[in-house]
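Participant: Here you go, sequence then predicted model.
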Amino acid sequence: MHLYHTATIHTYRQFEQLIWLSVKAASLARHAQPGQIALVRHPQPGLDPLLWTTLFLAGADPATGTVEFLIDPRDPTVIWLSDLSPGTALELCVPGGKHFSLKASTQTLLLAGTGAALPALLFLARQQAGRQNVALFIAGDTGFLPPPFLLPPTVEIQISLAGEATLFDLLTSSPQSPLRWADQIGLALPPTMLAPAANVIRSTRLRWQLGLAQVVVAGSLPCGIGVCRACQIETRHGWQRRCVEGPVFDLYDLRLSL
């Protein structure tokens, strides 16, 4: 089911190169889950009603009725959001699809990611802090990673500023790699990093089975509602659309060239 919301920009903050938007959308804040995407557009007359911008939710607070987005201005499809001020009206559509799902038995949660889907891990870390032992590993470029103070102090965070490709080095640099002991793993990765992630898990864990590692897959979602089928990814159950059957998948289910 697709849920449509009228929203208003509540706060606008800049952290180095990134922009943090808090948006008033009370009904969305009550239902939003980590891993979900939102389609965003400006209700300005004359704009093409089919033109939506796709963003991963970075947080939701039902108490204040706000949802949050982290904007990377290097992405030309979202740069228009960086010019908006508090009070600006927006239209949001949150498609159905899968979000992160944690088992009741999970006590240690490892989150690791890079790139455009990284806000989904921020949302999950903030939601689960205090419920599980949460460790977050992120990699990227200087000035384009979220500051640690956005996370609760109970979340252990490790950062590499040497680029996206260093994420797996960060995870495996210690003999006591968190990949070995985590009850569940949540990943946020571009498609090109899915196969390396599977290789790292397979070589580190004594046993890897369905349910251990979930991944939110970044990449272009042209329509966001499953019509164009341009975002398909191959799984053990056939080709599936990331915007509808995803954007969160079990990594074990994906058919990858290893």
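Facilitator: Sure, I can see it.

Participant: quick one: residue 237 and residue 84, what's the gap?
Facilitator: Per C-beta to C-beta, to the nearest Å, residue 237 is found 40 Å from residue 84. Every C-beta, even on glycine, is put in place using the N, C-alpha and C of the backbone.

Participant: okay, the two: which has more neighbours?
Facilitator: Neighbour totals were compared for residue 237 and residue 84, and residue 84 leads with 16 against 9 (other C-beta atoms under 10 Å).

Participant: Once you drop chain neighbours, what's closest to that one?
Facilitator: Closest residue to residue 84 apart from its sequence neighbours, by C-beta to C-beta, 6 or more residues apart in numbering: residue 9 at 5.7 Å.

Participant: The host helix or strand of that neighbour packs against which elements?
Facilitator: In the assignment (DSSP states H and E), residue 9 maps to strand 3-15. Secondary-structure packing of strand 3-15 (3 or more C-beta pairs under 8 Å, 6 or more residues apart in numbering; DSSP states H and E): strand 18-24, helix 26-31, strand 89-94.

Participant: from those, which stretch is densest packed?
Facilitator: Ranked by mean neighbour count, those are led by strand 18-24 with a mean of 21 (mean count of other C-beta atoms under 10 Å).

Participant: so where do the helices sit in the stretch 51-200 of the chain?
Facilitator: Using DSSP state H, counting those that start in this stretch, the helices of the stretch 51-200 of the chain run over 118-128, 167-172, 178-181, 194-204.

Participant: can I get those helices in TSV with mean neighbour count, mean pLDDT and distance to residue 151?
Facilitator: What follows is those, written out as TSV (neighbours: other C-beta atoms under 10 Å; pLDDT from 0 to 100; distance: least, C-beta to C-beta, whole Å):
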stretch	mean neighbour count	mean pLDDT	distance to residue 151
helix 118-128	25	96	6
helix 167-172	19	92	17
helix 178-181	17	89	16
helix 194-204	16	94	22
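
Participant: Among those helices, single out whichever gets nearest to residue 22.
Facilitator: When these are compared by C-beta to C-beta, helix 118-128 sits nearest residue 22, at 12.8 Å.

Participant: residue contacts, residue 210?
Facilitator: 250, 252-253 (C-beta atoms under 8 Å, 6 or more residues apart in numbering).

Participant: Quick one, grab the pLDDT at it.
Facilitator: On pLDDT, residue 210 comes in at 91.

Participant: Make JSON lines from the helices of the stretch 51-200 of the chain and add distance to residue 38 to it.
Facilitator: JSON lines is the format used below for the helices of the stretch 51-200 of the chain (distance: least, C-beta to C-beta, whole Å):
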{"stretch": "helix 118-128", "distance to residue 38": "11"}
{"stretch": "helix 167-172", "distance to residue 38": "25"}
{"stretch": "helix 178-181", "distance to residue 38": "30"}
{"stretch": "helix 194-204", "distance to residue 38": "23"}
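
Participant: before we move on, the earlier item: of all the helices and strands packed on strand 3-15, which one comes closest to residue 187?
Facilitator: Closest to residue 187 of these is strand 18-24 (C-beta to C-beta; 20.3 Å).

Participant: tell me the mean pLDDT for the closest one?
Facilitator: Mean pLDDT, strand 18-24: 95.

Participant: That concludes my questions; thank you for your assistance.
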